[in-house]
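Enquirer: using only what follows, build the 3D model:
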Amino acid sequence: MLWRSVALSASLGLVVGCSPSSGNDDGGTDAPVTFTFAPAGCSYTVTLPDARGFVSAAQDDGAAITDKVGAAPARVRLGLGGTASGADPTTTAVFTWETPGASNAAQARIGANTYKGFSWVTPTPTVGFGTTEPPVNMHEVHVCGLQPGTTYSYQVGGGASGADVWSTAQSFTTLPATGKIEIGVSGDSRDDASVFKMVQQRMQTEAVSMQVFSGDFVLWGAQASLYQTWLDAANGVTLGQQLFLPVAGNHENSSAQFYGNFALPGDGQYAESFYSVNIGSAHIVMFDDQEISTEATIDEATTAMKFIDDDLTKAEANRAAVPFLIAIHHRAEFGTGVHSDDLDEKQARALLSPIWDKHHVDLVINGHEHNYERTNAITGPPLAPVVQTDTTKGTTYVVCAGAGATAESSGTAAYDAKQVSFDGTTPYVGVYAFMSLDAHLLTWTAYGLKASGTDDSIDTFTLTR
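Expert: Below is the predicted model of the structure:
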(Lines give C-alpha, C1' and ligand atoms only; values in the text may rest on other atoms or scores of the structure.)
Protein backbone atom coordinates (compact mmCIF):
# COMPACT_ATOMS: atom_id res chain seq x y z
CA MET A 1 0.00 0.00 0.00
CA LEU A 2 1.16 3.52 -0.74
CA TRP A 3 0.91 4.63 2.86
CA ARG A 4 3.55 2.18 4.02
CA SER A 5 6.74 4.09 3.20
CA VAL A 6 5.19 7.37 4.31
CA ALA A 7 4.09 6.08 7.70
CA LEU A 8 7.45 4.40 8.22
CA SER A 9 9.30 7.63 7.52
CA ALA A 10 7.11 9.51 9.96
CA SER A 11 7.49 7.01 12.76
CA LEU A 12 11.24 6.43 12.43
CA GLY A 13 12.41 9.81 11.14
CA LEU A 14 13.86 7.87 8.21
CA VAL A 15 16.32 9.72 6.00
CA VAL A 16 15.66 8.75 2.39
CA GLY A 17 18.11 10.11 -0.16
CA CYS A 18 18.76 13.78 0.35
CA SER A 19 16.51 14.62 3.30
CA PRO A 20 13.93 13.27 5.74
CA SER A 21 10.73 12.33 3.97
CA SER A 22 7.58 14.13 5.01
CA GLY A 23 5.20 12.17 7.18
CA ASN A 24 1.72 11.61 5.78
CA ASP A 25 -0.64 8.74 6.31
CA ASP A 26 -2.86 10.17 3.55
CA GLY A 27 -5.83 9.75 5.86
CA GLY A 28 -8.74 11.95 6.76
CA THR A 29 -11.87 12.03 8.85
CA ASP A 30 -13.92 10.45 6.07
CA ALA A 31 -13.20 6.85 5.13
CA PRO A 32 -11.88 6.57 1.57
CA VAL A 33 -13.91 4.48 -0.84
CA THR A 34 -13.09 3.06 -4.23
CA PHE A 35 -14.44 5.35 -6.93
CA THR A 36 -14.51 4.44 -10.62
CA PHE A 37 -15.44 6.76 -13.45
CA ALA A 38 -15.89 5.92 -17.14
CA PRO A 39 -15.12 9.03 -19.25
CA ALA A 40 -17.49 9.30 -22.21
CA GLY A 41 -15.77 8.37 -25.46
CA CYS A 42 -12.70 6.86 -23.76
CA SER A 43 -11.75 3.19 -23.88
CA TYR A 44 -10.59 3.14 -20.26
CA THR A 45 -11.97 3.80 -16.80
CA VAL A 46 -10.45 5.89 -14.01
CA THR A 47 -10.26 4.40 -10.52
CA LEU A 48 -9.11 6.30 -7.45
CA PRO A 49 -7.28 3.63 -5.42
CA ASP A 50 -8.12 3.32 -1.74
CA ALA A 51 -4.42 3.70 -0.93
CA ARG A 52 -4.47 7.35 -1.99
CA GLY A 53 -6.88 8.23 0.78
CA PHE A 54 -8.98 10.54 -1.42
CA VAL A 55 -12.49 11.24 -0.09
CA SER A 56 -15.81 12.73 -1.25
CA ALA A 57 -15.36 11.52 -4.84
CA ALA A 58 -18.38 12.26 -7.05
CA GLN A 59 -19.31 12.65 -10.69
CA ASP A 60 -20.27 16.05 -12.04
CA ASP A 61 -23.88 16.66 -11.03
CA GLY A 62 -24.68 19.73 -13.15
CA ALA A 63 -25.93 21.59 -10.06
CA ALA A 64 -26.22 25.36 -10.00
CA ILE A 65 -23.17 27.18 -8.68
CA THR A 66 -24.21 29.38 -5.76
CA ASP A 67 -20.70 30.29 -4.64
CA LYS A 68 -18.87 31.38 -7.78
CA VAL A 69 -15.78 32.44 -5.87
CA GLY A 70 -15.53 29.08 -4.15
CA ALA A 71 -16.07 27.22 -7.43
CA ALA A 72 -13.63 29.28 -9.50
CA PRO A 73 -11.10 26.95 -11.18
CA ALA A 74 -7.49 27.53 -10.16
CA ARG A 75 -4.18 26.21 -11.53
CA VAL A 76 -5.62 24.32 -14.47
CA ARG A 77 -3.07 21.75 -15.59
CA LEU A 78 -2.81 19.41 -18.57
CA GLY A 79 -2.17 15.71 -18.01
CA LEU A 80 -2.72 12.35 -19.65
CA GLY A 81 -5.08 9.45 -19.02
CA GLY A 82 -5.22 5.84 -20.13
CA THR A 83 -4.11 2.44 -18.90
CA ALA A 84 -0.59 1.92 -17.61
CA SER A 85 0.57 0.80 -21.04
CA GLY A 86 -2.14 2.28 -23.23
CA ALA A 87 -2.05 6.07 -23.02
CA ASP A 88 -2.27 8.08 -26.24
CA PRO A 89 -1.17 11.75 -26.08
CA THR A 90 -2.09 12.26 -29.74
CA THR A 91 -5.82 11.85 -29.07
CA THR A 92 -6.28 12.22 -25.30
CA ALA A 93 -6.05 15.07 -22.80
CA VAL A 94 -6.87 15.39 -19.10
CA PHE A 95 -7.65 18.66 -17.35
CA THR A 96 -7.10 18.86 -13.59
CA TRP A 97 -7.77 21.86 -11.38
CA GLU A 98 -8.60 22.87 -7.84
CA THR A 99 -11.16 25.19 -6.32
CA PRO A 100 -11.20 27.16 -3.05
CA GLY A 101 -14.55 25.67 -2.06
CA ALA A 102 -16.15 22.26 -2.45
CA SER A 103 -18.38 21.47 -5.41
CA ASN A 104 -19.00 18.61 -7.81
CA ALA A 105 -18.64 20.81 -10.90
CA ALA A 106 -16.26 19.06 -13.27
CA GLN A 107 -16.74 19.96 -16.91
CA ALA A 108 -14.54 20.96 -19.84
CA ARG A 109 -15.69 22.87 -22.90
CA ILE A 110 -13.83 22.39 -26.18
CA GLY A 111 -15.54 24.16 -29.05
CA ALA A 112 -19.20 23.18 -29.07
CA ASN A 113 -18.62 20.09 -26.96
CA THR A 114 -18.88 19.75 -23.20
CA TYR A 115 -17.26 16.84 -21.37
CA LYS A 116 -18.08 15.74 -17.83
CA GLY A 117 -15.69 14.46 -15.19
CA PHE A 118 -15.48 14.01 -11.46
CA SER A 119 -14.23 15.65 -8.27
CA TRP A 120 -12.66 14.53 -5.01
CA VAL A 121 -11.01 15.92 -1.90
CA THR A 122 -7.37 15.28 -1.04
CA PRO A 123 -7.52 15.31 2.76
CA THR A 124 -5.11 16.94 5.15
CA PRO A 125 -2.40 14.54 6.38
CA THR A 126 -2.76 13.59 10.03
CA VAL A 127 0.97 13.46 10.80
CA GLY A 128 4.08 15.30 9.62
CA PHE A 129 4.20 18.22 7.23
CA GLY A 130 0.94 19.70 5.97
CA THR A 131 -1.20 18.88 8.99
CA THR A 132 -2.16 22.53 9.51
CA GLU A 133 -3.27 23.04 5.90
CA PRO A 134 -6.84 22.60 4.66
CA PRO A 135 -7.93 19.73 2.41
CA VAL A 136 -7.78 20.41 -1.33
CA ASN A 137 -10.84 20.31 -3.60
CA MET A 138 -9.83 18.70 -6.90
CA HIS A 139 -11.62 18.28 -10.24
CA GLU A 140 -10.70 16.29 -13.35
CA VAL A 141 -12.04 15.74 -16.87
CA HIS A 142 -10.76 13.17 -19.38
CA VAL A 143 -11.27 13.88 -23.09
CA CYS A 144 -10.62 11.27 -25.80
CA GLY A 145 -11.12 11.17 -29.55
CA LEU A 146 -9.14 14.34 -30.30
CA GLN A 147 -7.15 14.78 -33.51
CA PRO A 148 -3.34 14.44 -33.48
CA GLY A 149 -1.26 17.58 -33.84
CA THR A 150 -4.29 19.83 -33.40
CA THR A 151 -4.65 22.97 -31.29
CA TYR A 152 -7.75 23.26 -29.12
CA SER A 153 -9.10 26.11 -27.02
CA TYR A 154 -10.80 25.08 -23.81
CA GLN A 155 -12.32 26.15 -20.50
CA VAL A 156 -13.04 24.15 -17.35
CA GLY A 157 -15.61 24.62 -14.62
CA GLY A 158 -19.28 23.75 -14.83
CA GLY A 159 -22.67 24.23 -13.25
CA ALA A 160 -26.23 24.57 -14.45
CA SER A 161 -26.83 26.95 -17.36
CA GLY A 162 -27.04 30.49 -16.05
CA ALA A 163 -25.56 29.44 -12.72
CA ASP A 164 -22.17 28.23 -13.90
CA VAL A 165 -18.55 29.31 -13.57
CA TRP A 166 -15.66 28.82 -15.99
CA SER A 167 -11.94 29.34 -16.16
CA THR A 168 -10.22 31.72 -18.54
CA ALA A 169 -9.88 30.16 -21.99
CA GLN A 170 -6.48 28.81 -22.96
CA SER A 171 -5.21 26.37 -25.56
CA PHE A 172 -3.13 23.22 -25.94
CA THR A 173 -1.95 21.10 -28.86
CA THR A 174 -2.17 17.32 -29.00
CA LEU A 175 1.04 15.56 -29.91
CA PRO A 176 1.53 14.75 -33.59
CA ALA A 177 1.21 11.14 -34.67
CA THR A 178 4.21 11.38 -37.01
CA GLY A 179 7.21 13.60 -37.62
CA LYS A 180 9.65 15.33 -35.30
CA ILE A 181 8.67 15.84 -31.66
CA GLU A 182 10.51 17.95 -29.10
CA ILE A 183 10.25 17.20 -25.38
CA GLY A 184 11.33 19.49 -22.54
CA VAL A 185 13.25 17.78 -19.73
CA SER A 186 13.84 19.00 -16.17
CA GLY A 187 13.78 17.85 -12.57
CA ASP A 188 14.27 18.83 -8.92
CA SER A 189 12.50 22.18 -8.66
CA ARG A 190 11.84 21.89 -4.93
CA ASP A 191 13.83 24.82 -3.44
CA ASP A 192 13.22 27.86 -5.64
CA ALA A 193 9.97 28.48 -7.51
CA SER A 194 11.48 31.46 -9.35
CA VAL A 195 14.03 29.18 -11.03
CA PHE A 196 11.25 26.75 -11.93
CA LYS A 197 9.41 29.66 -13.55
CA MET A 198 12.49 30.50 -15.60
CA VAL A 199 12.68 26.91 -16.82
CA GLN A 200 9.01 27.07 -17.78
CA GLN A 201 9.65 30.26 -19.70
CA ARG A 202 12.31 28.40 -21.71
CA MET A 203 9.83 25.61 -22.39
CA GLN A 204 7.30 28.18 -23.56
CA THR A 205 9.78 29.94 -25.85
CA GLU A 206 10.91 26.63 -27.35
CA ALA A 207 7.24 25.60 -27.76
CA VAL A 208 7.97 22.00 -26.81
CA SER A 209 5.29 19.43 -27.54
CA MET A 210 5.33 18.23 -23.93
CA GLN A 211 7.47 18.07 -20.78
CA VAL A 212 8.80 15.24 -18.63
CA PHE A 213 9.98 15.83 -15.07
CA SER A 214 12.21 13.47 -13.05
CA GLY A 215 10.89 14.12 -9.54
CA ASP A 216 11.22 16.30 -6.42
CA PHE A 217 8.74 18.90 -7.59
CA VAL A 218 8.43 20.22 -4.02
CA LEU A 219 10.44 19.97 -0.81
CA TRP A 220 7.78 18.29 1.34
CA GLY A 221 5.49 16.05 -0.67
CA ALA A 222 2.54 16.13 1.75
CA GLN A 223 2.41 19.93 1.98
CA ALA A 224 -0.34 21.01 -0.39
CA SER A 225 0.55 24.71 -0.36
CA LEU A 226 3.95 23.99 -1.90
CA TYR A 227 2.36 22.50 -5.00
CA GLN A 228 0.22 25.60 -5.27
CA THR A 229 3.27 27.85 -5.10
CA TRP A 230 5.18 25.93 -7.76
CA LEU A 231 2.15 25.54 -10.02
CA ASP A 232 1.49 29.28 -9.70
CA ALA A 233 5.02 29.85 -10.98
CA ALA A 234 4.07 28.07 -14.22
CA ASN A 235 0.59 29.62 -14.43
CA GLY A 236 0.23 31.85 -17.45
CA VAL A 237 3.44 30.37 -18.89
CA THR A 238 3.02 26.65 -19.63
CA LEU A 239 0.51 25.43 -17.06
CA GLY A 240 -2.54 24.00 -18.77
CA GLN A 241 -0.95 24.56 -22.18
CA GLN A 242 1.80 21.93 -22.33
CA LEU A 243 1.38 18.31 -21.35
CA PHE A 244 3.38 17.77 -18.13
CA LEU A 245 4.29 14.20 -17.11
CA PRO A 246 6.23 13.94 -13.83
CA VAL A 247 7.40 11.04 -11.72
CA ALA A 248 7.51 11.27 -7.93
CA GLY A 249 10.85 11.73 -6.20
CA ASN A 250 11.88 10.89 -2.66
CA HIS A 251 10.60 14.28 -1.48
CA GLU A 252 7.12 13.45 -2.80
CA ASN A 253 7.40 10.13 -0.92
CA SER A 254 4.46 8.59 -2.83
CA SER A 255 2.15 11.10 -1.15
CA ALA A 256 -1.54 11.53 -1.90
CA GLN A 257 -0.82 15.21 -2.49
CA PHE A 258 1.54 14.45 -5.38
CA TYR A 259 -0.84 12.02 -7.04
CA GLY A 260 -3.79 14.31 -6.47
CA ASN A 261 -2.08 17.18 -8.27
CA PHE A 262 -1.18 15.46 -11.55
CA ALA A 263 -3.16 13.36 -14.02
CA LEU A 264 -1.03 10.41 -15.11
CA PRO A 265 -1.80 7.16 -16.95
CA GLY A 266 -2.35 4.00 -14.98
CA ASP A 267 -4.91 1.76 -13.40
CA GLY A 268 -5.29 -0.76 -10.62
CA GLN A 269 -4.11 -0.68 -7.02
CA TYR A 270 -0.98 1.37 -7.80
CA ALA A 271 -2.49 3.61 -10.45
CA GLU A 272 -0.21 6.33 -11.80
CA SER A 273 2.92 5.16 -9.97
CA PHE A 274 4.22 3.40 -13.09
CA TYR A 275 3.21 3.70 -16.73
CA SER A 276 4.55 3.89 -20.26
CA VAL A 277 3.70 5.88 -23.34
CA ASN A 278 4.79 6.04 -26.96
CA ILE A 279 5.94 9.51 -27.98
CA GLY A 280 6.81 9.56 -31.67
CA SER A 281 9.80 7.26 -32.17
CA ALA A 282 10.33 6.63 -28.44
CA HIS A 283 8.75 4.24 -25.97
CA ILE A 284 9.07 5.88 -22.54
CA VAL A 285 8.52 4.05 -19.26
CA MET A 286 8.11 6.29 -16.20
CA PHE A 287 7.81 5.26 -12.57
CA ASP A 288 7.99 6.25 -8.92
CA ASP A 289 11.13 4.51 -7.60
CA GLN A 290 10.46 5.15 -3.89
CA GLU A 291 9.45 1.62 -2.95
CA ILE A 292 11.88 -0.04 -5.38
CA SER A 293 14.74 1.87 -3.75
CA THR A 294 13.72 1.47 -0.12
CA GLU A 295 11.38 -1.53 0.31
CA ALA A 296 12.03 -3.69 -2.74
CA THR A 297 10.26 -6.79 -1.40
CA ILE A 298 6.85 -5.24 -0.79
CA ASP A 299 4.05 -5.80 -3.28
CA GLU A 300 4.10 -2.32 -4.82
CA ALA A 301 7.82 -2.58 -5.64
CA THR A 302 7.64 -6.09 -7.07
CA THR A 303 4.53 -5.19 -9.08
CA ALA A 304 6.29 -2.15 -10.51
CA MET A 305 9.41 -4.13 -11.38
CA LYS A 306 7.34 -6.78 -13.16
CA PHE A 307 5.46 -4.10 -15.07
CA ILE A 308 8.71 -2.46 -16.20
CA ASP A 309 10.23 -5.76 -17.33
CA ASP A 310 7.08 -6.94 -19.13
CA ASP A 311 6.48 -3.55 -20.68
CA LEU A 312 10.00 -3.35 -22.11
CA THR A 313 9.72 -6.91 -23.44
CA LYS A 314 6.72 -5.80 -25.51
CA ALA A 315 8.45 -2.58 -26.51
CA GLU A 316 11.48 -4.50 -27.79
CA ALA A 317 9.22 -6.56 -30.01
CA ASN A 318 7.83 -3.32 -31.46
CA ARG A 319 11.22 -1.70 -32.00
CA ALA A 320 10.92 -1.62 -35.78
CA ALA A 321 8.02 0.82 -35.39
CA VAL A 322 9.17 2.61 -32.20
CA PRO A 323 12.98 2.27 -32.09
CA PHE A 324 14.04 4.18 -28.97
CA LEU A 325 13.54 2.86 -25.43
CA ILE A 326 13.74 5.43 -22.62
CA ALA A 327 13.26 5.15 -18.85
CA ILE A 328 12.57 8.07 -16.50
CA HIS A 329 12.70 7.87 -12.71
CA HIS A 330 14.18 9.92 -9.87
CA ARG A 331 17.26 8.33 -8.32
CA ALA A 332 20.40 8.43 -10.43
CA GLU A 333 21.84 4.95 -10.88
CA PHE A 334 25.21 6.21 -12.08
CA GLY A 335 25.36 9.74 -10.70
CA THR A 336 28.57 10.75 -8.93
CA GLY A 337 27.13 13.35 -6.59
CA VAL A 338 26.62 13.45 -2.84
CA HIS A 339 24.01 10.66 -2.90
CA SER A 340 25.97 8.15 -4.96
CA ASP A 341 26.83 6.11 -1.84
CA ASP A 342 23.36 6.29 -0.29
CA LEU A 343 21.73 2.92 0.24
CA ASP A 344 18.58 3.79 -1.71
CA GLU A 345 20.52 4.96 -4.76
CA LYS A 346 22.71 1.84 -4.64
CA GLN A 347 19.61 -0.33 -4.47
CA ALA A 348 18.09 1.43 -7.48
CA ARG A 349 21.34 0.87 -9.38
CA ALA A 350 21.50 -2.83 -8.47
CA LEU A 351 17.87 -3.58 -9.31
CA LEU A 352 17.26 -1.40 -12.35
CA SER A 353 20.43 -1.27 -14.42
CA PRO A 354 20.29 -5.03 -15.23
CA ILE A 355 16.79 -4.46 -16.66
CA TRP A 356 18.08 -1.67 -18.89
CA ASP A 357 20.89 -3.96 -20.06
CA LYS A 358 18.49 -6.84 -20.67
CA HIS A 359 16.22 -4.77 -22.90
CA HIS A 360 18.92 -2.58 -24.51
CA VAL A 361 17.37 0.63 -23.22
CA ASP A 362 18.91 3.62 -24.99
CA LEU A 363 18.51 6.39 -22.44
CA VAL A 364 17.74 6.71 -18.73
CA ILE A 365 16.82 10.16 -17.39
CA ASN A 366 17.20 10.85 -13.66
CA GLY A 367 17.28 13.61 -11.06
CA HIS A 368 18.17 13.47 -7.35
CA GLU A 369 21.81 14.57 -7.77
CA HIS A 370 21.53 18.34 -8.18
CA ASN A 371 23.77 18.82 -11.17
CA TYR A 372 24.11 17.83 -14.80
CA GLU A 373 25.86 14.55 -15.62
CA ARG A 374 25.95 12.24 -18.62
CA THR A 375 27.62 8.87 -18.90
CA ASN A 376 28.96 7.26 -22.03
CA ALA A 377 26.89 4.32 -23.22
CA ILE A 378 27.53 1.64 -20.59
CA THR A 379 26.57 -1.92 -19.69
CA GLY A 380 27.68 -4.52 -17.23
CA PRO A 381 27.86 -5.02 -13.50
CA PRO A 382 26.37 -2.15 -11.50
CA LEU A 383 29.63 -1.73 -9.55
CA ALA A 384 31.89 -1.97 -12.60
CA PRO A 385 30.10 -0.63 -15.69
CA VAL A 386 31.74 -1.11 -19.07
CA VAL A 387 31.84 1.70 -21.64
CA GLN A 388 30.55 0.70 -25.07
CA THR A 389 31.89 2.52 -28.12
CA ASP A 390 28.73 1.58 -30.02
CA THR A 391 25.87 3.49 -28.39
CA THR A 392 23.35 0.91 -29.59
CA LYS A 393 25.09 -1.63 -27.35
CA GLY A 394 24.77 0.32 -24.11
CA THR A 395 22.62 2.73 -22.09
CA THR A 396 23.31 6.44 -21.72
CA TYR A 397 22.41 7.82 -18.27
CA VAL A 398 21.65 11.53 -17.83
CA VAL A 399 21.08 13.49 -14.63
CA CYS A 400 19.36 16.79 -15.42
CA ALA A 401 18.34 18.11 -12.02
CA GLY A 402 18.43 21.86 -11.76
CA ALA A 403 14.93 23.34 -12.04
CA GLY A 404 15.14 25.09 -8.68
CA ALA A 405 16.96 22.71 -6.33
CA THR A 406 19.97 23.92 -4.37
CA ALA A 407 23.16 22.91 -6.17
CA GLU A 408 25.26 19.95 -5.04
CA SER A 409 28.78 18.86 -5.95
CA SER A 410 29.73 16.06 -8.31
CA GLY A 411 32.38 13.37 -8.11
CA THR A 412 34.24 11.59 -10.87
CA ALA A 413 33.79 8.32 -12.73
CA ALA A 414 35.63 6.68 -15.58
CA TYR A 415 32.39 6.22 -17.48
CA ASP A 416 31.32 9.88 -17.36
CA ALA A 417 31.15 11.83 -20.61
CA LYS A 418 30.01 15.23 -19.25
CA GLN A 419 29.55 17.06 -15.96
CA VAL A 420 28.32 20.61 -15.37
CA SER A 421 27.48 22.21 -12.03
CA PHE A 422 25.49 25.33 -11.16
CA ASP A 423 26.90 25.96 -7.70
CA GLY A 424 28.14 29.54 -7.93
CA THR A 425 31.42 28.68 -9.64
CA THR A 426 29.56 28.85 -12.96
CA PRO A 427 27.17 31.48 -14.33
CA TYR A 428 24.26 29.05 -14.07
CA VAL A 429 21.38 28.90 -11.61
CA GLY A 430 20.07 25.61 -12.99
CA VAL A 431 19.93 23.23 -15.92
CA TYR A 432 17.32 21.88 -18.34
CA ALA A 433 17.28 20.07 -21.68
CA PHE A 434 15.41 19.51 -24.91
CA MET A 435 15.09 16.04 -26.43
CA SER A 436 14.20 15.92 -30.11
CA LEU A 437 12.79 12.68 -31.53
CA ASP A 438 12.86 11.96 -35.25
CA ALA A 439 12.28 8.67 -37.02
CA HIS A 440 15.64 7.07 -36.16
CA LEU A 441 17.47 9.95 -34.51
CA LEU A 442 17.36 11.22 -30.93
CA THR A 443 19.05 14.58 -30.38
CA TRP A 444 19.68 15.87 -26.86
CA THR A 445 20.72 19.43 -26.02
CA ALA A 446 21.20 20.59 -22.43
CA TYR A 447 21.44 24.20 -21.29
CA GLY A 448 22.89 26.05 -18.36
CA LEU A 449 20.15 28.35 -17.06
CA LYS A 450 21.21 31.95 -16.51
CA ALA A 451 19.42 34.51 -14.37
CA SER A 452 20.06 37.03 -17.15
CA GLY A 453 21.42 36.83 -20.65
CA THR A 454 21.36 33.96 -23.11
CA ASP A 455 21.58 30.42 -21.74
CA ASP A 456 24.59 28.35 -22.80
CA SER A 457 24.40 24.97 -24.48
CA ILE A 458 26.38 22.79 -22.07
CA ASP A 459 25.99 19.38 -23.69
CA THR A 460 24.69 17.75 -26.83
CA PHE A 461 24.66 14.18 -28.11
CA THR A 462 22.77 12.03 -30.57
CA LEU A 463 21.57 8.44 -30.54
CA THR A 464 20.56 6.49 -33.62
CA ARG A 465 18.52 3.34 -33.96
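
Enquirer: can we go C-alpha only for contacts and neighbour counts from here?
Expert: Fine.

Enquirer: show me what the helix ranked longest in the chain is packed against.
Expert: Taking DSSP state H as the criterion, the chain has its longest helix at helix 299-317. Using 3 or more Cα pairs under 8 Å, 6 or more residues apart in numbering; DSSP states H and E, the elements in contact with helix 299-317 are strand 274-279, strand 282-287, helix 290-294, strand 324-328, helix 343-359.

Enquirer: looking at these, which is nearest to Ser85?
Expert: strand 274-279 (5.1 Å; Cα to Cα).

Enquirer: adding mean pLDDT and distance to Thr412, write the helices and strands packed on helix 299-317 out as TSV.
Expert: What follows is those, written out as TSV (pLDDT from 0 to 100; distance: least, Cα to Cα, whole Å):
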stretch	mean pLDDT	distance to Thr412
strand 274-279	98	31
strand 282-287	98	27
helix 290-294	97	23
strand 324-328	98	23
helix 343-359	97	16
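
Enquirer: pipe these into CSV and attach mean neighbour count per row.
Expert: As requested, the helices and strands packed on helix 299-317 are exported to CSV (neighbours: other Cα atoms under 10 Å):
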stretch, mean neighbour count
strand 274-279, 24
strand 282-287, 24
helix 290-294, 24
strand 324-328, 24
helix 343-359, 19
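
Enquirer: output the ones you listed in JSON lines, with distance to Thr66 appended to each entry.
Expert: Listed next are the helices and strands packed on helix 299-317 as JSON lines, based on distance: least, Cα to Cα, whole Å:
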{"stretch": "strand 274-279", "distance to Thr66": "39"}
{"stretch": "strand 282-287", "distance to Thr66": "41"}
{"stretch": "helix 290-294", "distance to Thr66": "42"}
{"stretch": "strand 324-328", "distance to Thr66": "44"}
{"stretch": "helix 343-359", "distance to Thr66": "50"}
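
Enquirer: re the thing from before, buried residues of the longest helix of the chain, list them for me.
Expert: 300-301, 303-305, 307-309, 311-312, 315-316 (16 or more other Cα atoms under 10 Å).

Enquirer: run a quick neighbour tally on the residue lying closest to Ala233 once chain neighbours are set aside.
Expert: Of all residues not flanking Ala233 in the chain, Lys197 sits nearest, at 5.1 Å (Cα to Cα, 6 or more residues apart in numbering). Lys197 sits with 22 neighbouring residues when counted by other Cα atoms under 10 Å.

Enquirer: you'd agree Lys197 is in a strand?
Expert: No. Lys197 is assigned helix when assessed by DSSP: H, G, I helix; E, B strand; the rest coil, not a strand.

Enquirer: what's near enough to touch the residue of the chain most remote from its centre?
Expert: Distance from the centre of the chain peaks at Gly162, with 37.1 Å (Cα atoms, centre = their mean). By Cα atoms under 8 Å, 6 or more residues apart in numbering, Gly162 lies in contact with Ala64.

Enquirer: that one and Ala63, how far apart?
Expert: 11 Å (Cα to Cα, to the nearest Å).

Enquirer: please enumerate the helices of the protein.
Expert: 3-12, 193-206, 224-234, 256-261, 290-294, 299-317, 343-359.

Enquirer: which residues does Val386 form a beta bridge with?
Expert: Val386 has these beta-bridge partners by DSSP bridges: Thr379.

Enquirer: next up, the contacts around it.
Expert: Residues in contact with Val386 (Cα under 8 Å, 6+ apart) are 378-380, 415.

Enquirer: and if we set it to 6 Å?
Expert: Neighbour list for Val386: 378-380 [criterion: Cα atoms under 6 Å, 6 or more residues apart in numbering].

Enquirer: just the buried members of those?
Expert: Buried, going by 16+ other Cα under 10 Å: 378-379, out of the contacts of Val386.

Enquirer: take the contacts of Val386 and write them to TSV, including pLDDT and distance to Gly215.
Expert: TSV is the format used below for these (pLDDT from 0 to 100; distance: Cα to Cα, whole Å):
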residue	pLDDT	distance to Gly215
Ile378	98	24
Thr379	97	25
Gly380	91	26
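
Enquirer: dump the contacts of Val386 into TSV; add distance to Thr205 as well.
Expert: Shown next, in TSV, are these (distance: Cα to Cα, whole Å):
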residue	distance to Thr205
Ile378	34
Thr379	37
Gly380	40
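
Enquirer: distance of Ser85 relative to Ala439?
Expert: For Ser85, the distance to Ala439 equals 21 Å [Cα to Cα].

Enquirer: check Leu146 too.
Expert: 23 Å.

Enquirer: could you do Trp97 as well?
Expert: Distance, Trp97 to Ala439, by Cα to Cα: 35 Å.

Enquirer: so Val387 touches Gly380, yeah?
Expert: No. Using Cα atoms under 6 Å, Val387 makes no contact with Gly380, being 8.7 Å away.

Enquirer: mind checking pLDDT for the nearest residue to Asp192 once chain neighbours are set aside?
Expert: Once flanking residues are discounted, Asp192 sits nearest to Gly404: 4.5 Å by Cα to Cα, 6+ apart. Among the per-residue scores, Gly404 shows a pLDDT of 97.

Enquirer: right, and Gly404 touches Ser194 too?
Expert: No. Taking contacts as Cα under 6 Å, Gly404 lies outside contact range of Ser194: 7.4 Å.

Enquirer: overlap in contacts, those two.
Expert: Counting by Cα under 6 Å, 6+ apart, nothing touches both Gly404 and Ser194.

Enquirer: closest to the centroid, which residue in the chain?
Expert: Closest-to-mean residue, the chain, Cα atoms, centre = their mean: Pro246 / 0.6 Å.

Enquirer: what's opposite it in the beta bridge?
Expert: Pro246 has these beta-bridge partners by DSSP bridges: Phe213.

Enquirer: when you give positions from now on, start the count at 55
Expert: Sure, I'll start numbering at 55, so the last one becomes Pro300.

Enquirer: distance of it from Gln201?
Expert: 24 Å.

Enquirer: do you know how far the closest residue to Ser173 other than its chain neighbours is from Ala404?
Expert: Of all residues not flanking Ser173 in the chain, His193 sits nearest, at 4.2 Å (Cα to Cα, 6+ apart). Note on His193: its distance to Ala404, by Cα to Cα, is 39 Å.
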